[in-house]
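A.B. asks: output the structure for:
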Amino acid sequence: MHLQSIGAAETVTGSGHYLELGGLRLLVDCGLFQGDDELEARNREPFPFDPASLDAVLLTHAHLDHVGRLPLLYKRGYRGPVLCTPPTAALIGTVLLDSARLQLESYSRDLRWARRAGHDEQAIPDPLYDEEDVHNTLALLRPQLEFGETFTLGRLRVRTERAGHILGSAFLLLEAGGERMLFSGDLGNRESGLQRDFTLPQEADAVLIETTYADRTHRPLTETVQEFAQVLAQSVRLGGKILIPSFAIERTQVILYTLKRLMDSGAVPRIPVFLDSPMAARATNEYFEYGDELIPEVRDLLRSGDDPFRPSTLHVVTTSQESQRLNRYDGSAIILAGNGMMTGGRIQHHLKHQLWKPSTSLVIVSYQSPSSLGGRIVEGAREVRIMGEEIAVKAQVHTIGGFSAHADQDDLLAWLDATGDARIWLVHGEVNVMQTFLGVLDARGRTANIMPRGQAVDPVHTRFPGGRPPGLENGPARAARAEAGE
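C.D. replies: Got it, this is the predicted structure:
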């Protein structure tokens, strides 16, 4: 078995894993790197394999950091099947077309700035792909993976199970020649406000598992909802805008469902709610089609014809002109906009116009990469650069972590306990988080390593001293070097 991570190794974004098994060359996920300039530059690096030589691509779910480089893979020669669950196939077009549109908008804006400043326009990099590339990629989709069933591809058997992260999310067991490899994808929070719990996996020889929140446990959902209600009530009293940056798939639906319940119960005043994300509005429609994946309370509402995602004061904003007009709206209003880490999308427009006002409340309900705009705000930056301007951070900033769609440490351990004596490889997490989790696993007698960036391994037999590939320092070693000025 030959495994190489082309993304999400030693970082929390850009998931993609190249595997040779059963005589086949496979890619599990092909995500976009999101974050600072250094991370995003990795999107333009060549793949460490010939895309045309791949036999198949397998997808775990439709988030951009797991599917966002698929059109680039097509541009560079891939023409094989892209296998996924039906809900993932339904969502992925919305995700990729939105990505292509945002890239074009960013490219056009950068060109205008270059012209005005007299800079070299040729230095502005082209978008990674366009809408035609996306449509060509969508033609490769094969929604043939079903929960609890096994799909055969040559000598390879692929078993798909519910991951409980977002609609259609799956973890995969790949088996050939007596070797079994588990790919967790992103596992869900077992206290999710929407998704049913993940199923437990079978035993395997090796497992690749995400570690986004492997160093902590989430706050209980009931306490999280109470905190959310208190923050909203406090923010309404300030009389300004309440900005909620949110991922379009799952997080937006959880927040809309929660807002409806809080307003119906009287826990939160019925102020206007603006959903300023065409992508989120389109994605929400798929929840009606695949409602059986959701917790019973939401599933039953959908079956009865009720809309659990529509607070009575909801307004869906479609055009950019309508979005801009929200800046002239007087009084308190909730603006729910993408994207979740504030690295792009309409939320940046609202931040530019509202973040400097003390009456504004910024309610953060999504994961924030340390290098993202949202991460810098969470860390206490007093000024941030948004759309080419320096903006003071004077808004009230509230961070509410319990809405996470990612498994916490307890969830990850419960899932791993079912994998037998599998060798564990850690991906999709910050290095310090993975190092903490290594210690937890070691105390439980589990053999684990951090998946190295840019290095191929035999996931069953390769071992690194102390769980770290050569050159990957632990936290104290890095701190000592930094203190020494190195």
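A.B. asks: domain parsing of this protein, as residue ranges.
C.D. replies: Domain segmentation of the chain under automatic domain parsing yields 2-216+405-483, 221-399.
A.B. asks: can I get the ones you listed in TSV with mean neighbour count?
C.D. replies: From N, CA and C alone the C-beta is placed, and that goes for glycine too. TSV is the format used below for these (neighbours: other C-beta atoms under 10 Å):
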stretch	mean neighbour count
domain 2-216+405-483	19
domain 221-399	18
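A.B. asks: can you put those domains in TSV and add mean pLDDT?
C.D. replies: Shown next, in TSV, are these (pLDDT from 0 to 100):
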stretch	mean pLDDT
domain 2-216+405-483	92
domain 221-399	93
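A.B. asks: beyond the biggest helix by length in the chain, next helix or strand please.
C.D. replies: Criterion DSSP state H: the longest helix present in the chain is helix 86-117. Sequence order places helix 131-138 as the next helix or strand after helix 86-117, per DSSP states H and E.
A.B. asks: show residues contacting that following helix.
C.D. replies: For helix 131-138, contacts defined as C-beta atoms under 8 Å, 6 or more residues apart in numbering pick out 70-75, 82, 92-93, 96-97, 99-101.
A.B. asks: next helix or strand past it?
C.D. replies: Counting by DSSP H and E, the element after helix 131-138 in chain order, helix or strand, is strand 141-142.
A.B. asks: from the chain's centroid, how far away is that following strand?
C.D. replies: Strand 141-142 sits 21 Å away from the centroid of its parent chain (C-alpha atoms, centre = their mean, to the nearest Å).
A.B. asks: now swap in stretch 429-446 and tell me
C.D. replies: The answer for stretch 429-446 is 21 Å, by C-alpha atoms, centre = their mean.
A.B. asks: roughly how far apart are the residue of the chain positioned farthest from its centre and Thr60?
C.D. replies: Each residue of the chain has a distance to the centre, and by C-alpha atoms, centre = their mean the biggest one is for Gly118: 37.1 Å. Distance from Gly118 to Thr60, counting by C-beta to C-beta, to the nearest Å: 46 Å.
A.B. asks: Arg270 too?
C.D. replies: For Arg270, the distance to Thr60 - C-beta to C-beta - is 38 Å.
A.B. asks: cool, Leu302 as well?
C.D. replies: Distance, Leu302 to Thr60, using C-beta to C-beta: 24 Å.
A.B. asks: now Leu259, nearest residue through space, not along the chain?
C.D. replies: With C-beta to C-beta, 6 or more residues apart in numbering as the criterion, Leu259 has its nearest non-adjacent residue at 4.8 Å, and that residue is Pro311.
A.B. asks: do Pro272 as well
C.D. replies: Taking C-beta to C-beta, 6+ apart, and ignoring the residues beside it in sequence, Pro272 has Ala333 as its nearest neighbour in space, at 4.4 Å.
A.B. asks: how about Leu3?
C.D. replies: Of all residues not flanking Leu3 in the chain, Pro459 sits nearest, at 4.6 Å (C-beta to C-beta, 6+ apart).
A.B. asks: doesn't that neighbour belong to a helix?
C.D. replies: No: with DSSP: H, G, I helix; E, B strand; the rest coil as the criterion, Pro459 is coil rather than part of a helix.
A.B. asks: thought it was touching Ile209?
C.D. replies: No: the pair Pro459 and Ile209 does not pass the contact test of C-beta atoms under 8 Å, sitting 11.6 Å apart.
A.B. asks: between the two, which contacts overlap?
C.D. replies: By C-beta under 8 Å, 6+ apart, the residues touching both Pro459 and Ile209 are Trp425.
A.B. asks: now Thr252. Nearest residue, chain neighbours left out?
C.D. replies: Nearest one to Thr252, counting by C-beta to C-beta, 6+ apart, is Ala280 at 4.1 Å.
A.B. asks: name the helix or strand for that neighbour, please.
C.D. replies: Ala280 belongs to helix 278-289 when assigned by DSSP H and E.
A.B. asks: and for Leu336?
C.D. replies: strand 333-337.
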